[in-house]
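In: Need coordinates for the below:
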Amino acid sequence: MTAPLVEATGLKVAYPVSGFRRPPVEIVHGVDFHIDAGETLGIVGESGSGKTTIGRAILGLAPVSGGSITFDGADISHAAGAARRALAKDIQVVFQDPYSSLNPSLTIGRTLAEPLLVQGWDKDKATKRVLELLDRVGLPKNAAERLPREFSGGQRQRVAIARALAPGPRLIICDEPVSGLDLSTQATVLDLFIEIQRDTGVAYMFISHDLAVIRHISHRVGVLFRGEIVELGTTAAVTNDPQNPYTQRLLLAAPVANPRAQRARRAERLRLREEQEATYGGLEKLARRGIARAAAETTPRQFRKAVSS
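Out: Residues are numbered from 1 along each chain as shown. The predicted structure is shown next:
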């Protein structure tokens, strides 16, 4: 059996907080997952569930406080300095807002060539690679001489994808890359991701709050709720036959055209939310009062136990 490209075991992420002797706040509570070469793992959940934090931990941008992350068999949980820079060739990222992630004073050509020049490519070879990347993402060659402000949102995201592809990575962290685009542009960019994966064999961790997007692009799906993966499986299994009430709520949140069906979906979603609040509410109140801080950390496990009982 082939070893996974990326594997997280008991991954925890905690951020320090200001104040004398105040303990760190744990955002991700011991999650386990893996990503195989050429595979897309979708991570879905509501805002604040820890989706982006997991991606940042793989990129070395969030502190790993427990567990481990391995890439191609090597532990990268605390890689820093030269070791982390070496990983940049293999692990890249596409951010949610392409405009804020592009330098507005640099032409697209310079933006795409910069990571290549840093890695020691000569200028002529880097220029040729830039033209190949623009063609790969469906932009004209003269785009290399233009500035980011001269492009639409969808075109800027294509530039961001081209930049991520520049060094030939094996894994790309896609952090809500289509959430700011209109529906038609979303579909075009998602199809571009799929086409690139088919041609290059790159793996994706695709982070989104939208199950429809995750269903379109992912091979497997992990559902994240308050820092823990509450459901993990193939896309078909998770989206067609969800076992966890939270996953069921996510699916029911998607609107449908039939008003009666929409009312029924809303009522079922409210029922599931009340069940979750009954499980979580008391523990959360205690945690907020400072009586039982550990309660908030164990809540997801207690929820899984309550669901399975």
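In: what helix or strand does residue 242 sit in?
Out: Residue 242 belongs to no helix or strand when assigned by DSSP states H and E.
In: going forward, begin numbering at 45 instead of 1
Out: With the count now opening at 45, the last piece we talked about shows up as residue 286.
In: Spit out the contact partners of it.
Out: Neighbour list for residue 286: 267, 275, 292, 294-295 [criterion: C-beta atoms under 8 Å, 6 or more residues apart in numbering]. The way it works is simple: take the backbone N, C-alpha and C, and place the C-beta from them, glycine included.
In: Among those residues, list the two that are farthest apart in space.
Out: 275 and 295 (11.1 Å; C-beta to C-beta).
In: which one of the two has more residues nearby?
Out: For residue 275 versus residue 295, the count of surrounding residues by other C-beta atoms under 10 Å is larger for residue 275: 21 against 16.
In: Identify the residue spatially nearest to residue 193, adjacent ones excluded.
Out: What sits nearest to residue 193 in space, not counting adjacent residues and going by C-beta to C-beta, 6 or more residues apart in numbering, is residue 148, at 6.3 Å.
In: just residue 293 next, same as before
Out: Spatial nearest neighbour of residue 293, chain neighbours left out: residue 316 (4.9 Å); criterion: C-beta to C-beta, 6+ apart.
In: How about the contacts made by the residue nearest to the spatial centre of the chain?
Out: For the chain, the residue lying nearest the average C-alpha position, counting by C-alpha atoms, centre = their mean, turns out to be residue 251 (2.7 Å). For residue 251, the set of contacting residues under the criterion of C-beta under 8 Å, 6+ apart consists of 86-88, 95-96, 98-99, 217-220.
In: Need the phi and psi values for residue 216.
Out: Dihedral angles of residue 216 (phi, psi; degrees, to the nearest 10) stand at phi -120, psi 130.
In: Any idea what it is bridged to?
Out: Applying DSSP bridges to residue 216 gives these bridge partners: residue 136, residue 248.
In: so how far is residue 93 from it?
Out: Applying C-beta to C-beta, to the nearest Å, the value for residue 216 to residue 93 is 21 Å.
In: swap in residue 241?
Out: Residue 241 sits 25 Å away from residue 93, going by C-beta to C-beta.
In: now residue 117
Out: Distance from residue 117 to residue 93, counting by C-beta to C-beta: 29 Å.
In: who's more crowded, the two?
Out: Shown here are residue 117 and residue 93; by other C-beta under 10 Å, residue 93 has more neighbours (23 against 9).
In: Hmm, residue 268 and that one touching each other?
Out: Yes: with contact defined as C-beta atoms under 8 Å, residue 93 and residue 268 form a contacting pair (4.6 Å).
In: Surely residue 262 is in contact with residue 86?
Out: Yes: counting by C-beta under 8 Å, residue 262 sits close enough to residue 86 to count as a contact (3.3 Å).
In: Mind listing the shared neighbours of these two?
Out: Here residue 262 and residue 86 share the contacting residues 250, 279, scored by C-beta under 8 Å, 6+ apart.
In: More neighbours: those two, which one.
Out: Neighbour totals were compared for residue 262 and residue 86, and residue 86 leads with 27 against 24 (other C-beta under 10 Å).
In: Need the phi and psi values for the more buried one.
Out: phi -90, psi 130.
In: what's near enough to touch it?
Out: Applying C-beta under 8 Å, 6+ apart to residue 86 gives the contacts 250-252, 258-259, 261-262, 264-266, 279.
In: For residue 92, give me its contacts.
Out: With contact set as C-beta under 8 Å, 6+ apart, residue 92 has no partners.
In: Name the SS class of it, please.
Out: For residue 92, the secondary-structure state derived from DSSP: H, G, I helix; E, B strand; the rest coil is coil.
In: Count the neighbours of residue 256 for me.
Out: The burial count assigned to residue 256 is 12, neighbours taken as other C-beta under 10 Å.
In: What backbone torsions are found at it?
Out: The phi/psi pair for residue 256 (degrees, to the nearest 10) is phi -60, psi -40.
In: Pop the domain breakdown of the chain in here.
Out: Here the chain is described, according to automatic domain parsing, as comprising the domains 45-134+212-285, 146-207, 299-353.
In: Give me the distance between the two termini of the second one.
Out: Yep, that's domain 146-207 we're talking about. Taking C-alpha to C-alpha, to the nearest Å, the first and last residues of domain 146-207 lie 10 Å apart.
In: I'd assumed residue 205 was in contact with residue 240.
Out: Yes: under the criterion of C-beta under 8 Å, residue 240 lies in contact with residue 205, with a separation of 7.3 Å.
In: And these two? Which one has more around it.
Out: Summary of the neighbour comparison: residue 240 and residue 205, criterion other C-beta under 10 Å, with residue 205 having more neighbours (24 against 19).
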